[in-house]
Each structure stands twice: as structure tokens, then as C-alpha cells.
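Student: quick check, what structure comes out for this input:
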Amino acid sequence: MAHAFGKRYDLPVPLWLFVIGGAAVVFVSFLVVLPRAVAPASAGEARFSDRIRLRRPAPVRWIVAGLIAVALMLCGWFGSSAVAENIVPSFFWLAVWVATPISCGLLGDWTRAVNPFAALARACDRPGLRSALLGDERVVGWPRRLGWWPAVAFFFTVACGELIFNGTATLPAFTAWGLLVYALVNALAGLLFGARAWTERGEVFSVLFATWGRLGWFRFGADGERGFGGGLRVPFDAHVSRVTFVLLLLVSVSFDGLLSTPAWKTFRAQITLSGIGFQLFETAAFAVLVLVAWGLFGGFAALVRHFGDMQRSNLQVLAGLVPSLLPIAFGYLVAHNAEYIAINGQLFIPLLGNPAGMDGVHLLPAPFNDSYEINPNLLPSSVVWYLQVALIIFVHIAAVVLAHRYLARASRSHAKARASEWPWIVAMVGYTMTSLWLLAQPLVQ
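Tutor: Just a heads-up that it's a prediction; the model follows:
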């Protein structure tokens, strides 16, 4: 049921027409956007920086969030070990890992006031505590070369738990222990590096939700203009780790789609590896796919720099183009998980009446108990399908517009700017076709 389409639904047009048609729409949008002039960057935009602003302390909300986190751990340790009967897997893997990023992409990063891990880092960021435990009240300076690598490592680990090691990672007790270990890491990191440096570049949920929040309508104190995509005017830092984090958002959803294709299932049936050996192989394939994305988008960025005659490094050009990839990643995240949320999200109804899945516990009346039946056809498959297709094409068009704005400002002349856009549109069209092909695989075979 993880990515089910409910009842059987066939692709309404031939696959080749579906893929080519979507790519053609994106290409035509490029031809429309290409001659349009772009206004120079405003003084306000020039002051934007790639950082997460610490909010004012919110003790009440932090305490509530912390109590919820502790309650989840207790449910995981002492409640039912069955995934469907314990609220911990659904809360973390569906609500936190999938639904919250989507909500941030629509609304903005609303999570900073209720993130218990960031709150724990701030609670441990005390000079007196450092002096007592470490003998020095000063924080350890965050090395430039460290960048966002801790957040990258944590995201890759959790993504592997979702996509590859899900048979173990989704067990209630395992998830609960993972939350505890990660809480301890945040306490130690807040003590050593300080809350500001850790939440900006190390705490994976702060970085993840803030990155998706650039797309949302509201800024919630973050840099950028109010409105959808207003935060994309804030440049990403030209650091390998920062670009890698954004590419991971793109690749993780694509890899999830790849794992559900008939081609991968056939490959899995033919390969001799099994168990942990095959899981390690899939982990390596995931990492290789990230490197492939780096090579492809980095290569296209080098072509863009060459044709645009830009006085910037290849990494700086790629970092400038990365904001145009974020809407694509979001569109595919929503398209890939829409029915997953609609179907598996119904599990919260019976789980709210018995979060730990313990015998004889009835906290709420019906339907908040086992009498509730999951409806696998809550959303008509045809409606969801056409909305997914429209969304995928729309976000690629948005990416074309964002790339056009950046290149028009970064190139040395109007003619150079136009020339520099052609390599990137090739990348956009290619990724459109790949995304639509992955989206169609459960329907055409």
C-alpha cells in the first residue's frame, strides 16, 4: 500500500506520446520565456544569505513537542511491535518524513517553533554548561570545509531507512531508538558548536524543512519575498555539501520511483544477491545515483558557464541553478506520495484511539478504534493521475522561469544569456521525460 494506485488504472495515452508530449510543453514554455527581459536584482535580494534565522524562544511549544517525542519513544518501546498497530511508524515515516516537507513546500517552514531536536540543541547551548563539562565556555568553530555534510549524512541515512532498510527501520522500537540517539546527538552538537551553527548546517530536519520552505507562501521570518517560490530568490551557498543536499532531495524521490518500476523488480529477481547483501547493493546504487546527478547537472552547468561567458566557477553556476531544481523535486515528491498519504494517512484514525496498540486500550470512541476500515480508493485514480501529470509539467515550467531569471542576471550580455539557457533546457527536458517515465511505470506494465 506504500505507493498504491488503488484499483487498476491504465495509462490513457501511449507511453511515448505521454513522455514526448510533456517534454514538448516544457520546451514550448522555454521558447516563450527566452526573449523576456529580467529586472535587475533589488538591494533587498542582495542581502539575502543561505542561513536559518533562530526564532525567539518558544518554551511552551518546545515543551509540548518534546513531550510528544518522549511519548512516541515510549510507544515504540513498550507498545505493539506491529507497524500498523503502533502510531510511531506512521507519525515519523508518514507525517514527519513525507507530509511535513510537503506542507513546508506549500506554506513555508512553520516547524522551527515546534522542532524538539533544534530546541534541545538550544537548551544545551549554554556557556556555563560548556565551562562545567568542557572547561571552556566558548563554542567550537564550525569549519568551512564541514559545510552541510552532517545534514547530508543524516538525510542519506534516514532516506536509506525509508527506501532500502524499511523492513527494520519502520519497526516501532527501532524508530524509537533512532529518535533517542538523534536527540543525544543534537544535545552534544548544541553543546559543542552552538545552536546557531548546528541548526543551520547539521540538524537535518531544520535544514530539510527550511529548504522546502523556500517554496512556501509564507516566510515565517526567513529571507525572501512572500508568495510561492519567494524563498528561491535567496541563493544557495556555493559549497559541494549544500548542492549535494539539494540533489539528494531530487534523487531520493527518483530512486524511490525507480525501485517500484517493473524493470527494477525484474533485475532484483535475476540478481544472485539477497538479504543484507542486496540491501547494501541498493545503498551503493543510491549513492551512485547521487554521483550521476552531480555529473549530469554539473556538466550542464559547465556548458551554461561556457556559453554564458560567466566570470564564476562551475560550482557557483551550479549553485545558482540549483533553486530551479527545487520545484521539480517538490513536484515529484507530491506526485509520488499523494495516494500514499491519502491511503496510509487513514491509519491515524484508529491509531489515535490506541497509539501504542496495547490490548484493552480505548482512549477515544469509534471510529477511532479498530472498527475503522481503510478505504484504498479514497481518491479516484484518474483524478490523482491527471493532477500528478499537470503538477510535474508545471514545476518544470517553473524551473525554466527560475533558470531564465538567474542566467539573465549572471551572463555578461543579453546574447550570452540566451545562449547559456539552451544547455539547461536540454537538462530540464531530459529530466521531465525521466520523471514522467518513472511516474507511468506502475500503469503501463
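Student: model confidence score at residue 80, please.
Tutor: Looking at residue 80, its pLDDT is 93.
Student: got a list of what the nearest residue to it once chain neighbours are set aside touches?
Tutor: Sequence neighbours aside, residue 357 is the residue nearest to residue 80 in space, at 3.1 Å (criterion: Cβ to Cβ, 6 or more residues apart in numbering). The way it works is simple: take the backbone N, C-alpha and C, and place the C-beta from them, glycine included. Under the criterion of Cβ atoms under 8 Å, 6 or more residues apart in numbering, the contact list for residue 357 reads 79-80, 82, 85-87, 351.
Student: neighbours around residue 36, how many?
Tutor: Counted with other Cβ atoms under 10 Å, residues neighbouring residue 36 total 10.
Student: quick check, pLDDT for it.
Tutor: Reported pLDDT at residue 36 in the predicted model: 85.
Student: related to what we said a few turns ago, give me phi/psi at the residue nearest to residue 80?
Tutor: Dihedral pair for residue 357: phi 70, psi 30, per degrees, to the nearest 10.
Student: look up how far residue 373 lies from it.
Tutor: From residue 357 across to residue 373, the span is 17 Å (Cβ to Cβ, to the nearest Å).
Student: all helices of the stretch 201-350 of the chain, in order?
Tutor: 204-213, 240-259, 262-270, 276-308, 314-321, 326-344, 348-353 (DSSP state H, counting those that start in this stretch).
Student: and whatever helix or strand comes next after the last one, what's buried?
Tutor: Looking back up the chat, that one is helix 348-353. Moving toward the C-terminus from helix 348-353, the next helix or strand (DSSP states H and E) is helix 381-410. Residues 381, 384-385, 388-389, 391-393, 395-408, 410 are the ones in helix 381-410 that count as buried (16 or more other Cβ atoms under 10 Å).
Student: next, count neighbours for residue 232.
Tutor: Residues lying near residue 232 (other Cβ under 10 Å) number 22.
Student: excluding chain neighbours, give the residue nearest to it in space.
Tutor: Using Cβ to Cβ, 6+ apart, the closest residue to residue 232 is residue 323 (4.3 Å).
Student: output the lowest mean pLDDT helix or strand found in the chain.
Tutor: helix 43-46 (a mean of 66; mean pLDDT, DSSP states H and E).
Student: coming back round to it: turn the helices of the stretch 201-350 of the chain into a markdown table, including distance to residue 111, mean pLDDT and mean neighbour count.
Tutor: Converted to a markdown table, the helices of the stretch 201-350 of the chain look like this (distance: least, Cβ to Cβ, whole Å; pLDDT from 0 to 100; neighbours: other Cβ atoms under 10 Å):
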| stretch | distance to residue 111 | mean pLDDT | mean neighbour count |
| --- | --- | --- | --- |
| helix 204-213 | 5 | 96 | 24 |
| helix 240-259 | 16 | 92 | 21 |
| helix 262-270 | 33 | 83 | 11 |
| helix 276-308 | 25 | 93 | 17 |
| helix 314-321 | 24 | 93 | 22 |
| helix 326-344 | 16 | 87 | 22 |
| helix 348-353 | 19 | 92 | 18 |
